[in-house]
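**Student:** I'd like to go over a predicted model; first the sequence, then the structure.
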Amino acid sequence: MSEVATVHARQVLDSRGNPTVEVEVELGSGARGRAIVPSGASTGSHEALELRDGGSAYGGKGVTQAVAHVNGELAAAVRGLEASHQELIDQTLCDADGTPGKTRLGANAILGVSLAVARAAAAERDLPLYRYLGGVGAHVLPVPLMNVLNGGVHADNALDCQEFMIVPLGAASFGEALRWGAEVYQALRGVLRARGLATTVGDEGGFAPALQATEEACAVLVAAIEAAGLRPHRDVALALDPATSELFEDGAYHFKGEGRRLDADGLCAYWSELVRHFPIVSIEDGMAEEDWDGWAQLTAQLGDRVQLVGDDVFVTNPERLAEGIRRRVANALLVKVNQIGSLSETLQTMALATRQGYACVVSHRSGETEDTTIADLAVATGCGQIKAGAPARTDRVAKYNQLLRIEEELGDAARFAGPAAFRLGQWVAAGSEPGA
Ligand SMILES: C=C(OP(=O)(O)O)C(=O)O
Ligand SMILES: [Mg+2]
């Protein structure tokens, strides 16, 4: 048991070359913890505020004020508090800010302190973060949802759908799942080259070829899975994040690359058709953040067959999730620590989701760093799913490599979540055709 002694923040760079906040905490015992805050591009409008300013050489992207808030008000607020009292630490940080959306001091400032304190408290006990946060129950390795084709605002191509993910749910271990993911990624490079398509990459390390139609991209992925010698669906399934809040304008969904304009009815029919043709087990943000009726319709229509993940609609916020549960919207929660801005609130939202039968997918942001906290968070909570980008690029593989280390450390006690991680695990495991 040891109190927070010093808190220090600095500006570092993220994977897009933008500044972000790094925080170091030292306890009275000398134990130290460090965390770096990630940053999104297709952000939900109800996310806690990422405080940006023009006070640096980076134009409007600076985090000078957020860094100053950590080193000033936030450090003063938590200094002397017991580091293992995470809820009290986080409540103190939120109270210091005093606004519901963390708009005064910035969610990036608050989250940096919150995570660094947790890491210092774990170090003090000589425990890995997943064990400190998850206790003796932490032994489930998540299925990785790996974004291998990038579109939307994460790439400069014409793909409307932001993320095409491969899901190696049929593997026997996390290590095997990651190997399968890497093999499909390499096979995909070959499939794209053979079609004369570019293999340059987008923000999350996935390829960003000049494809236009969602169907075409899904077909390319199925071809890559087969080229890697694996079985689509049973070994490696697909997941999509069309990030439709980015496509929603004047009450309709505009798929510009595909020249398609759909209302919620049309979009429901479109996803149903896609799920019938491709081995898709999960669709994230299949409706826009404010289209509650569209979301409810989609959930009623597809929710018993496909995992429907709420990202922009819930923003890891317990109140938004509670509203979604009341309206029977989605069946899974995307978990991004910087959407809500503290560790305790993240855990509270995940607990609410779990109590209500929603699956949880712990997620990176499109702007990432070497920080691996989300890998430990996924194991600590036993949520069974993590999305951390392509199995390539250091900012993405840092998370997967951390999961390899955890799996090795757990040894015989490690269990890979597999198909059971999905709300529709029984259906997937039974090997029935999607949409049947
Ligand atoms: C990871 C995502 O992208 P961003 O971080 O840009 O919100 C997402 O939309 O799920
Ligand atoms: Mg998303």
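**Tutor:** Arrived safely, thanks for sending. Ligands and ions are numbered 1, 2, ... in the order given.
**Student:** what residues does this structure put near ligand 1?
**Tutor:** Remark: the part of the chain in contact with ligand 1 comprises G40, A41, S42, T43, D241, A243, D311, S363, R365, S366, using CB under 6 Å from any ligand atom. Heads up, the C-betas are built off the backbone N, CA and C, glycines and all.
**Student:** Sort out which of the residues you listed are in strands and list them.
**Tutor:** Residues of those located in strands (DSSP state E): D241, S363.
**Student:** The residues of the chain next to ligand 1: which ones sit near ligand 2?
**Tutor:** When contact is defined as CB under 5 Å from the ion, the residues of the chain next to ligand 1 meet ligand 2 at D241, D311.
**Student:** okay if I get the residues of the chain next to ligand 1 as CSV plus pLDDT, neighbour count and distance to C218?
**Tutor:** CSV is the format used below for these (pLDDT from 0 to 100; neighbours: other CB atoms under 10 Å; distance: CB to CB, whole Å):
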residue, pLDDT, neighbour count, distance to C218
G40, 95, 19, 25
A41, 93, 17, 23
S42, 91, 19, 20
T43, 94, 20, 26
D241, 98, 27, 13
A243, 97, 25, 16
D311, 98, 27, 20
S363, 98, 26, 21
R365, 98, 27, 24
S366, 96, 25, 21
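**Student:** Return the nearest residue of this protein with respect to ligand 2.
**Tutor:** Residue nearest to ligand 2 within the chain (CB to the ion): D311, separated by 3.6 Å.
**Student:** Which residues lie in contact with that residue in this structure?
**Tutor:** By CB atoms under 8 Å, 6 or more residues apart in numbering, the contact set of D311 is G44, D241, A243, E284, D285, L334, K336, S363.
**Student:** Wasn't T299 part of a strand?
**Tutor:** No - going by DSSP: H, G, I helix; E, B strand; the rest coil, the assignment for T299 is helix, not a strand.
**Student:** Could you report the separation of it from S29?
**Tutor:** From T299 over to S29 the distance is 49 Å, taken as CB to CB, to the nearest Å.
**Student:** These two: who's more crowded?
**Tutor:** Shown here are T299 and S29; by other CB atoms under 10 Å, T299 has more neighbours (22 against 15).
**Student:** Make sure that one is actually in contact with V329.
**Tutor:** Yes - counting by CB atoms under 8 Å, T299 touches V329, with 5.6 Å between them.
**Student:** Closest to the mean position in this structure, which residue would that be?
**Tutor:** In the chain, the C-alpha closest to the average C-alpha coordinate belongs to S363, at a distance of 1.4 Å (CA atoms, centre = their mean).
**Student:** how about low-confidence regions in the stretch 1-150 of the chain?
**Tutor:** Applying pLDDT under 70 to the stretch 1-150 of the chain flags residues 55-60.
**Student:** For ligand 1, give me its nearest residue in it.
**Tutor:** G40 (3.2 Å; CB to the nearest ligand atom).
**Student:** nearest residue to that residue other than its sequence neighbours?
**Tutor:** Counting by CB to CB, 6 or more residues apart in numbering, R365 is the residue found nearest to G40 once chain neighbours are left out, at 4.5 Å.
**Student:** Give the phi and psi angles for the one you found, as a check.
**Tutor:** Backbone torsions of R365, given as degrees, to the nearest 10, read phi -110, psi 170.
**Student:** Contact partners for it?
**Tutor:** P38, S39, G40, A41, K336, N338.
**Student:** Next: V4.
**Tutor:** The neighbourhood of V4, defined by CB under 8 Å, 6+ apart, consists of V25, L27, G28, V78, R79, G80, L81, A83, I89, V117, A120.
**Student:** swap the cut-off to 7 Å and go again
**Tutor:** Shown in contact with V4 (CB atoms under 7 Å, 6 or more residues apart in numbering): V25, L27, V78, R79, G80, L81, A83, V117.
**Student:** Tell me if I'm right that L230 and R179 touch.
**Tutor:** No - L230 is beyond contact range of R179, at 10.5 Å (criterion: CB atoms under 7 Å).
**Student:** Between the two, which is the more surrounded one?
**Tutor:** Under the criterion of other CB under 10 Å, the comparison of L230 against R179 puts L230 first, with 20 against 15.
**Student:** Just the pLDDT at the more buried one, thanks.
**Tutor:** Confidence at L230, expressed as pLDDT, is 98.
**Student:** before we move on, what about A430?
**Tutor:** You'll see A430 listed with a pLDDT of 38.
**Student:** Just the helices from the stretch 51-200 of the chain, written as ranges.
**Tutor:** Here the stretch 51-200 of the chain has its helices, by DSSP state H, counting those that start in this stretch, at 64-69, 75-78, 86-97, 107-124, 129-134, 174-194.
**Student:** Serialize those to JSON lines and add fields for distance to A208.
**Tutor:** Formatted as JSON lines, the helices of the stretch 51-200 of the chain follow (distance: least, CB to CB, whole Å):
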{"stretch": "helix 64-69", "distance to A208": "30"}
{"stretch": "helix 75-78", "distance to A208": "41"}
{"stretch": "helix 86-97", "distance to A208": "37"}
{"stretch": "helix 107-124", "distance to A208": "27"}
{"stretch": "helix 129-134", "distance to A208": "33"}
{"stretch": "helix 174-194", "distance to A208": "10"}
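**Student:** winner for burial among those helices?
**Tutor:** Of the helices of the stretch 51-200 of the chain, the one with the most neighbours on average (mean count of other CB atoms under 10 Å) is helix 107-124, at a mean of 27.
**Student:** helices and strands around that one, which ones?
**Tutor:** strand 4-13, strand 19-27, strand 32-36, helix 64-69, helix 86-97, helix 129-134, helix 337-340, helix 343-355 (3 or more CB pairs under 7 Å, 6 or more residues apart in numbering; DSSP states H and E).
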